[in-house]
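In: from the sequence below, what's the structure:
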Amino acid sequence: MAVIQKQPSDAQVEELVNKNIILSSVDYIFNFARAHSFWPVTFGLACCAIEMMAAGGARYDISRFGYEVFRPSPRQADVMIVAGTITKKMQPLVQRIYDQMAEPKWVIAMGSCAISGGPFAGGYNVVDGADTFLPVDVYIPGCPPRPEALIDGLLELRKRVINPNVARVK
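Out: Take a look at the predicted model:
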């Protein structure tokens, strides 16, 4: 004996679609994945680098956000955290590391020295901020900024990556 099945109504089909299908764009999914798995390059210039290392320790634990994988090679990293004073002797090296990073890539300026030269601003050998030669996405003020500030900066970068409509400083 054959069983006759009743066709679902349009309302039932709409309910099934709303419960079981997620509609999104590929860009949103990629940006969501990128924002939850930053790989910063292992790179520090001065005292701010100590605070950056402390952020990876057990007390602050940036691994709970998925950012603990500090890469030793710029070719494997997607975030450069410029932590400390940039001298004119180091500027071409910082630029080279940035150029070797694969796209998409982001830059965080950590500390007063990386943002504006800090107490050494105007000196003959200090660059007046990373934004003079790099496109900085997030600024983390302080001298040196605490590890919590770095975590806050990474979370701000996460918001900017998920929502690419936020203007980028060039």
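In: buried residues in the helix ranked longest in the chain?
Out: Of all the elements of type helix in the chain, the one with the most residues (DSSP state H) is helix 147-162. Within helix 147-162, the residues that qualify as buried are 147, 149, 150, 151, 153, 154, 156, 157, 158, 160, 161, counting by 16 or more other C-beta atoms under 10 Å. In this view, the C-beta of every residue, glycine as well, is placed from N, C-alpha and C.
In: isn't the second one right up against residue 138?
Out: No - taking contact to mean C-beta atoms under 8 Å, the distance of 10.6 Å between residue 149 and residue 138 leaves them out of contact.
In: tally up the residues packed near residue 80, please.
Out: Burial of residue 80 is recorded as 23 neighbouring residues (other C-beta atoms under 10 Å).
In: quick one: distance of the one helix or strand it maps to to the chain centre.
Out: For residue 80, the host element (DSSP states H and E) is strand 79-83. Centre-to-centre, strand 79-83 and its host chain are 9 Å apart (C-alpha atoms, centre = their mean, to the nearest Å).
In: just the CA coordinates of the longest helix of the chain, formatted as CSV?
Out: This file holds the C-alpha atoms of helix 147-162, laid out as CSV (Å, rounded to 0.1, in the frame of the first residue of the first chain):
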residue,chain,number,x,y,z
PRO,A,147,49.3,44.1,28.0
GLU,A,148,45.6,44.8,28.5
ALA,A,149,46.0,47.7,26.1
LEU,A,150,47.5,45.4,23.5
ILE,A,151,44.6,43.0,23.9
ASP,A,152,42.2,45.9,23.5
GLY,A,153,44.0,47.0,20.4
LEU,A,154,43.8,43.5,18.9
LEU,A,155,40.1,43.4,19.6
GLU,A,156,39.7,46.7,17.9
LEU,A,157,41.6,45.4,14.9
ARG,A,158,39.2,42.4,15.0
LYS,A,159,36.2,44.8,14.6
ARG,A,160,37.9,46.6,11.7
VAL,A,161,38.7,43.3,9.9
ILE,A,162,35.1,42.0,10.3
